[in-house]
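> Got a predicted structure here, sequence first:
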Amino acid sequence: MTGLRSWNNISGGGRVEQIDCALCGADKTTAVWVENGLTVVRCKQCGLMYTNPRDVSEATGDFFEQTLSGPEALDADEAMMWDASRRARYDEMLKRLAGFRGPGRHLDVGCGLGYFCQAAEENGWESYGVDPSRRSCVEAAKGLGMGRVFVGTLEDLPGDAGPFDLISFWDVLEHLRDPANTLKQAHALLAPGGVLFAEVPNTSFHLVYNRIRRFLERGKGLMYLMPQGHLYHYTRATLKGMLQNAGFERVDFFAGEPTRVMLVGKNAYSRTLVPLKIAYNQMAKSLFRLSRGRIYLSNSLSVFASK
């Protein structure tokens, strides 16, 4: 479990918790980013970056129910656009997976409206989903069935829920209060030879990108690293360390397709930025391939971990 060192009252009636490093347990850090009164720190021992101290309300499932900003917050047409904007990511991941693992039982953690579960089902997987948002689960169950979707977290699943051949975490691990424990639970739920997939923001990219962006916007932007909801900020090395600590023997990164999420919306900023984002990620994928995996410049970290 993540070391909890103190509870404090903060202005506005909220509370924050001070934690130790979830990767190595150390408590010596240096600040690397400050945003909206919250600080992202880097562990001096292992390099893991995390929001510390953090608002308790952001570190619970209530955050997801109260601050919906993904497809759950969109109308039906916009939600379909959201699905389409991520379809290339889903298809690429499933194609790569098919190269070394056949279909079986699949669990999507943080399943949202169930879009990836539906894509996996189309590729022969028997998919289940779990999500802390009841609203999301109701929608996901319309496509998967009531017995396939659970409200809560991975730790809330019934003891006989597993084993699974694939457990996926799409943009989830950065939000978790105790990712180390969740990854250990996922390892336990996987069948022998099972695979975990995860995708998270690549903080090595986002620190540089957001420093430039903050300078150009003169600090007037509202969201950069988003430490309110992003409690952990991974690099390739620290995500690999977390997976290995959880018991995964083989960890393989790849440079994946970008999310065309900015297609959702009608402003000129979105229309301009989407093609630039796609072009950048294609360049990053080429560099990753040509360097045989040594150069990783993608804005997201995509990884398979085998039990």
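Okay, I see it. Residues are numbered from 1 along each chain as shown.
> how many other residues sit next to Glu155?
11 (other Cβ atoms under 10 Å). The way it works is simple: take the backbone N, C-alpha and C, and place the C-beta from them, glycine included.
> Thought Gln185 was touching it, still the case?
Yes. Between Glu155 and Gln185 there is a contact under Cβ atoms under 8 Å: 5.7 Å.
> Mind jotting down where the strands sit in the stretch 151-300 of the chain?
Along the stretch 151-300 of the chain, the stretches classed as strands by DSSP state E, counting those that start in this stretch are 164-170, 190-201, 232-233, 250-254, 300-306.
> Can you tell me which of these is most buried?
The highest mean neighbour count among these, using mean count of other Cβ atoms under 10 Å, belongs to strand 232-233: a mean of 27.
> Sheet-wise, list the partners of that one with their directions.
With DSSP bridges as the test, strand 232-233 is paired with strand 49-51 (antiparallel).
> Which elements pack onto the helix or strand just after the strand it pairs with?
Downstream of strand 49-51, the first helix or strand assigned by DSSP states H and E is strand 54-55. Packing partners of strand 54-55 (3 or more Cβ pairs under 8 Å, 6 or more residues apart in numbering; DSSP states H and E): strand 15-19.
> Tell me which stretches of the stretch 201-307 of the chain form helices.
203-216, 236-245, 268-290 (DSSP state H, counting those that start in this stretch).
> now the chain, which segments are flagged as low pLDDT?
Across the chain, the ranges flagged by pLDDT under 70 are 1-14, 57-83, 221-222, 260-272.
> about what we covered before: right, and the helices of the stretch 201-307 of the chain - which one's nearest Ser306?
helix 236-245 (9.8 Å; Cβ to Cβ).
> highest average neighbour count across the helices of the stretch 201-307 of the chain?
It is helix 236-245: most buried of these by mean count of other Cβ under 10 Å, with a mean of 20.
> Now do that one: which elements does it pack against?
On a contact count with 3+ Cβ pairs under 8 Å, 6+ apart, helix 236-245 meets helix 179-189, strand 190-201, strand 250-254, strand 300-306.
> Partner strands of the second one, with direction?
Read it as strand 190-201. strand 164-170 (parallel), strand 300-306 (antiparallel).
> Out of those, which is closest to Gly194?
Nearest to Gly194 among the strands paired with strand 190-201 is strand 164-170; the distance by Cβ to Cβ comes to 5.2 Å.
> Touching that closest one from outside, list them.
Residues from elsewhere that reach strand 164-170, judged by Cβ atoms under 8 Å, 6 or more residues apart in numbering: 97, 101, 103-110, 116, 120, 125, 128, 186, 189-191, 193-200.
> Ends of stretch 31-40, what's the gap?
This stretch, stretch 31-40, spans 6 Å end to end (Cα to Cα, to the nearest Å).
> List of residues touching that stretch?
For stretch 31-40, the external contacting residues (Cβ under 8 Å, 6+ apart) are 41-42, 49-55, 207, 210, 224-228, 233.
> likewise stretch 300-307?
93, 96-97, 187, 190-202, 234-236, 239-240, 243, 247-256, 258-259.
> Repeat the analysis, applying 7 Å as the threshold.
Stretch 300-307 has contacts (Cβ atoms under 7 Å, 6 or more residues apart in numbering) with 187, 190, 192-202, 234, 236, 239, 243, 248-254, 256.
> Turn the helices and strands packed on helix 236-245 into JSON lines, including distance to Leu273.
Formatted as JSON lines, the helices and strands packed on helix 236-245 follow (distance: least, Cβ to Cβ, whole Å):
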{"stretch": "helix 179-189", "distance to Leu273": "29"}
{"stretch": "strand 190-201", "distance to Leu273": "16"}
{"stretch": "strand 250-254", "distance to Leu273": "24"}
{"stretch": "strand 300-306", "distance to Leu273": "16"}
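> For Val151, find the nearest of these.
Comparing the helices and strands packed on helix 236-245 by Cβ to Cβ, helix 179-189 comes nearest, at 16.4 Å.
> count of residues packed around Thr30?
Neighbours of Thr30 (other Cβ under 10 Å): 9.
> Dihedrals phi and psi, it?
Phi and psi for Thr30, reported as degrees, to the nearest 10, are phi -130, psi 140.
> doesn't Val41 make contact with it?
Yes. Shown here, Thr30 and Val41 form a contact pair, counting by Cβ atoms under 7 Å, at 6.5 Å.
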